[in-house]
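J.: Quick one: sequence plus predicted model below, questions after.
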Amino acid sequence: MVLQGLEVPSWFGWLTGVFVWVPWGVPKFKSWLNFTTIIIITSNILTQIIWLDFFQHSRQSTKEKFLKKILLQGFNVFGVLFNAFIRLFFYTQARHIVDFLNHLEFWPVSTVPTTLQKTRRLFSILCWVSLGLRLATGIFLAIQLSLHVPQDSWFGDVGQWGYLFLMGTFGVLPLVASFYVAFSFTVVTAVYLVWIFEDYGIQIEQAIKTAKKDVPGQQKSLFQYVRMDAQMNDLVQRFDDIRGVFQLFDTIVSPLLFCLIVMSVTSLIHAANSLLIEGGSSGGWSGVASDSFNLVYQLVQLFLLQLGQDTFDRINERKVKLTRMVMLMGDGTSKFQLANIVESLCVWKWRMTAWGFFTVDRSLVSGVRILKV
């Protein structure tokens, strides 16, 4: 069973060599020693060879401004390097990623809250939009590169159409797949984290409401005390489990967030410079189309900042609500135990970060604007 929301990215990632585990059934990774993995690694080596050939033999027009050359080279280099990093990361962390996905898939949760359902739909739509925009960008980028086959290219003998197929299939498509899969993986798992935390908050709310029904001064039976202690211990253990799965998210997803956001900022600067400042692209109509689609795509991808902000806001709102509910409880053993649980919850400070370099939230938007200017 594939995690809900990752069905298409899982198939797309497996077919394009991003994932080394099959996209059907329960995710599992046993060993590197299989035929599929060898084919995937071989295709990725070919991708690096194609881009190495392009960078080594490509020639840029001497009429182009220095800034434009630097931004174009930076855009391409960042794309290739981050593509390689994302794929290597998914390969080397395959076992941990599979365990993380299984944690989320089999986590016991209740019905998804209505507000969270709307969030899931929004980001699900954004994943589909990002795929369409990324594919369009890739198609026009491949056409742009094939119109200017590098001199002395190792693949120059295949001709323009052959180079278009080679660059499109093994050069551009892997980049499209890597960033789309990383984006979708981040969005889906982050939404699941919010769902898990919201469900935990609802469990604490139910415990508070149950405790309020106790009549002050009424003696509890031994069975009631045992049941109450078992419920409190379960809440404490569940909170430890939640912190563990959030830590797994930080370990696995935060490096992907770093790549996605840095690549988005680099791409935005390049596309904005080509279209808005320079007034066009050196690649002709295909270059203009590629830069236009890429500009819109990177803006969509920066919705990751909103995802980080929304995740933090939901967790914080739940903490505030639980604190108020505990304060309104009558004195007693139940209040003391629940107050300790809520206090531990409030002390726990978690923010979505990009590999620890910066926090992923709306405050980054001002930084992106400054860089673009």
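T.: That came through, no problem. If you're wondering where the values come from, they're calculated on a predicted model, not measured in any experiment.

J.: Break down the stretch 51-200 of the chain into its helices, ranges please.
T.: 66-92, 94-105, 114-146, 159-166, 173-212 (DSSP state H, counting those that start in this stretch).

J.: Count the residues that sit near the spatially closest residue to residue 107 that is not a sequence neighbour.
T.: Residue nearest to residue 107 in three dimensions, not counting chain neighbours: residue 196, with 5.7 Å by Cβ to Cβ, 6 or more residues apart in numbering. Placement of C-beta: from N, CA and C, glycine included. By the criterion of other Cβ atoms under 10 Å, residue 196 has 20 neighbours.

J.: what's the answer for residue 264, then?
T.: Residues lying near residue 264 (other Cβ under 10 Å) number 22.

J.: Helix or strand for it, just tell me which one.
T.: Residue 264 belongs to helix 222-272 when assigned by DSSP states H and E.

J.: what packs against that helix?
T.: Packing partners of helix 222-272 (3 or more Cβ pairs under 8 Å, 6 or more residues apart in numbering; DSSP states H and E): helix 66-92, helix 94-105, helix 173-212, helix 284-301, helix 304-327, helix 333-347, helix 364-372.

J.: Deepest-packed of the helices of the stretch 51-200 of the chain, please.
T.: helix 173-212 (a mean of 21; mean count of other Cβ atoms under 10 Å).

J.: In terms of secondary structure, what does that one contact?
T.: Here helix 173-212 touches helix 7-15, helix 35-57, helix 66-92, helix 94-105, helix 114-146, helix 222-272, helix 304-327, helix 333-347, going by 3+ Cβ pairs under 8 Å, 6+ apart.

J.: lowest-confidence stretch among these?
T.: Between those, the one with the least mean pLDDT is helix 66-92; it has a mean of 75.

J.: Reformat the helices and strands packed on helix 173-212 as TSV; add distance to residue 29.
T.: Formatted as TSV, those follow (distance: least, Cβ to Cβ, whole Å):
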stretch	distance to residue 29
helix 7-15	12
helix 35-57	10
helix 66-92	10
helix 94-105	5
helix 114-146	23
helix 222-272	13
helix 304-327	26
helix 333-347	33
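
J.: of all those, which lies closest to residue 287?
T.: For residue 287, the closest of those is helix 114-146, at 4.8 Å, according to Cβ to Cβ.

J.: The helix holding residue 264 vs helix 173-212, what angle?
T.: 150 degrees (axes from the mean of the first three to the mean of the last three Cα atoms, to 10 degrees).

J.: all numbers from here: first residue = 895
T.: With 895 as the first residue, the last one maps to helix 1116-1166.

J.: how many degrees apart are helix 1116-1166 and helix 988-999 in direction?
T.: 120 degrees.

J.: Helix 1227-1241 and helix 1116-1166, what's the angle between them?
T.: Interaxial angle, helix 1116-1166 versus helix 1227-1241 (the same axes, to 10 degrees): 20 degrees.

J.: now helix 1116-1166 against helix 1198-1221, angle please.
T.: Angle of helix 1116-1166 versus helix 1198-1221, following the same axes, to 10 degrees, is 160 degrees.

J.: circling back: any chance of JSON lines for the helices and strands packed on helix 1116-1166, columns distance to residue 1167?
T.: Formatted as JSON lines, the helices and strands packed on helix 1116-1166 follow (distance: least, Cβ to Cβ, whole Å):
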{"stretch": "helix 960-986", "distance to residue 1167": "5"}
{"stretch": "helix 988-999", "distance to residue 1167": "36"}
{"stretch": "helix 1067-1106", "distance to residue 1167": "20"}
{"stretch": "helix 1178-1195", "distance to residue 1167": "9"}
{"stretch": "helix 1198-1221", "distance to residue 1167": "22"}
{"stretch": "helix 1227-1241", "distance to residue 1167": "45"}
{"stretch": "helix 1258-1266", "distance to residue 1167": "9"}
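
J.: of the ones you listed, which approaches residue 1164 most closely?
T.: helix 960-986 (4.1 Å).

J.: show me the contacts for residue 1192.
T.: Residue 1192 makes contacts with 1157-1158, 1161-1162, 1165, as judged by Cβ atoms under 8 Å, 6 or more residues apart in numbering.

J.: ditto for residue 938
T.: Taking Cβ under 8 Å, 6+ apart as the test, what residue 938 contacts is 911, 978, 981, 1068.

J.: before we move on, what about residue 1025?
T.: When contacts are counted by Cβ under 8 Å, 6+ apart, residue 1025 is found next to 902, 906, 1074, 1078.

J.: Grab the most central residue of the protein for me.
T.: The centre of the chain sits closest to residue 1080, judged by Cα atoms, centre = their mean, with a distance of 1.9 Å.

J.: Residue 1063: which of the contacts of residue 1025 is nearest?
T.: Nearest to residue 1063 among the contacts of residue 1025 is residue 906, at 14.3 Å by Cβ to Cβ.

J.: Starting from residue 1202, give me the distance back to residue 1081.
T.: Look at residue 1081 and residue 1202: by Cβ to Cβ, to the nearest Å, they are 11 Å apart.

J.: Oh, that last question was meant for residue 1037, not what I typed.
T.: 35 Å.

J.: quick one on the thing from earlier: with distance to residue 1024 as added columns, please give the contacts of residue 938 in JSON lines.
T.: Shown next, in JSON lines, are the contacts of residue 938 (distance: Cβ to Cβ, whole Å):
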{"residue": "911", "distance to residue 1024": "19"}
{"residue": "978", "distance to residue 1024": "20"}
{"residue": "981", "distance to residue 1024": "18"}
{"residue": "1068", "distance to residue 1024": "16"}
